[in-house]
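Peer 1: Model the structure of this input:
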Amino acid sequence: MLAAWLAASVGAFSWSGAPLKGRASSATSRSVVVAQVNSDSRVSAEYMDFLLGKLKYDVTEDCPSVIVGNGRIGSMLLEFGQRRGYNDVLIKRGDPIPADHPGPVYVCTQAADLEAVLAACPEEKKDDLVFLQDGMLEPVFQRTGCYGCTQVSLWMSQMRVGGKPKDGATKEQPEGLSTVSGKWAGSVAMRLGTGDLTCQVRMERDGRRAMLERLIFVTAYGLVGTATGTATYGEVASKHGEDVAQICRELASCVRYTLSVALKSEIDERLAAHAAHLEFVKTSTEEGKLVDFDFRSGYFYRLSKMAGQRVLADGRKVDIPDGTPLHTEYLLYAVEEGHLDQATLDAVVPPA
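Peer 2: Sure thing, here's the model as predicted:
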């Protein structure tokens, strides 16, 4: 409810930055109150159990698996399994997932296909699902009642299907950035290790933090790169470093005050280092369109559409500014440049 959303105000930050070149900015310096907390209590309970020594994980090892999707990631995991002598089951999006297969189910489709995959998954196999998509997937999990699955935050690059994957480890973080949490975490880490890719097993609390940091990275760099016609992550970091860093900080603050998840400090510097590591990786599709809008920028723009004057239940009027103004500025610019349809923005529905 709107009144409850407003009553949950917990913090503020300010923004001051130059508008995009050649455009009048609607995002002047302002104080922003972000007013929603949507935290997952299971994560806090898990951490308390860990501190009290109650948390016990079954360690899993790589084994024959089901792989949904044969794109770059699916084909890579299939090849890693073949190296270990496994006969994995490869199926397409929407195909029925075998209920009697004992191993993990790697979901390697686009984020937009997840609900079709979940619809084809027997109830008894849902806790075996392993999600490797970028973006905010939690609304899908909430709509479908899919909780406690294994989720991977995959920091790597692969230029083409069958190409050699490049690990996301940087000089600043030589231990690697990829993380996994959930039932099949050990299996995932072992399989990725077959291809010399680092992956750290984490509790759900820290795995969620890594997922959100990855969400901010693909959202900020993908938006700036696509909107400005900047082809690669490395070019975005070198040509638009100040703007993309500001967007990263905006989105991190939004996450802090809407999901009650605090990310580690200096997020902009860490993400810039990773972008430089992906020097030649493209930020958009060949058509120059924003990819996975609903699961990236669309997730944050939904909150931006709360901006404006609202009337509380007691009749008081409250002005709610945009919590991520530069992100919104780039979205509008992407529309002007033909990289995003206005109808897509108009279709975004703010929280009730």
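Peer 1: Flag the shaky bits of the stretch 251-352 of the chain, pLDDT-wise.
Peer 2: 286 (pLDDT under 70).
Peer 1: give the contact list for S181.
Peer 2: For S181, the contact set (CB atoms under 8 Å, 6 or more residues apart in numbering) comprises 150-151, 201-204, 206-208. Bear in mind the C-beta positions are built from the backbone N, C-alpha and C, glycine included.
Peer 1: what's across from it in the sheet?
Peer 2: Assessed by DSSP bridges, S181 has beta-bridge partners Q151.
Peer 1: again, but for K166
Peer 2: Under DSSP bridges, the beta-bridge partners of K166 are S157.
Peer 1: rewinding a little: mark which of the contacts of S181 are part of helices, please.
Peer 2: 204, 206-208 (DSSP state H).
Peer 1: Dihedrals phi and psi, A189?
Peer 2: Note on A189: its backbone torsions stand at phi -60, psi -40 [degrees, to the nearest 10].
Peer 1: Measure how buried it is and give me the count.
Peer 2: A189: 21 surrounding residues under other CB atoms under 10 Å.
Peer 1: ok, now how distant is it from G176?
Peer 2: 10 Å (CB to CB, to the nearest Å).
Peer 1: list residues touching both of the two?
Peer 2: Joint contacts of A189 and G176 (CB under 8 Å, 6+ apart) are 199-200.
Peer 1: How are the strands of the chain distributed by residue range?
Peer 2: 11-15, 30-34, 66-68, 89-91, 105-107, 129-131, 150-153, 156-157, 166-167, 179-181, 200-201, 308-311, 317-320 (DSSP state E).
Peer 1: and these as a markdown table, adding distance to T328?
Peer 2: Converted to a markdown table, those look like this (distance: least, CB to CB, whole Å):
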| stretch | distance to T328 |
| --- | --- |
| strand 11-15 | 11 |
| strand 30-34 | 12 |
| strand 66-68 | 35 |
| strand 89-91 | 40 |
| strand 105-107 | 31 |
| strand 129-131 | 28 |
| strand 150-153 | 26 |
| strand 156-157 | 28 |
| strand 166-167 | 33 |
| strand 179-181 | 30 |
| strand 200-201 | 34 |
| strand 308-311 | 13 |
| strand 317-320 | 13 |
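Peer 1: Indicate which one of those is closest to V224.
Peer 2: Nearest to V224, of all these, is strand 11-15, at 15.8 Å by CB to CB.
Peer 1: Quick check: mean pLDDT of the closest one?
Peer 2: In this model, strand 11-15 has an average pLDDT of 36.
Peer 1: again with stretch 140-154
Peer 2: Averaged over stretch 140-154, pLDDT sits at 93.
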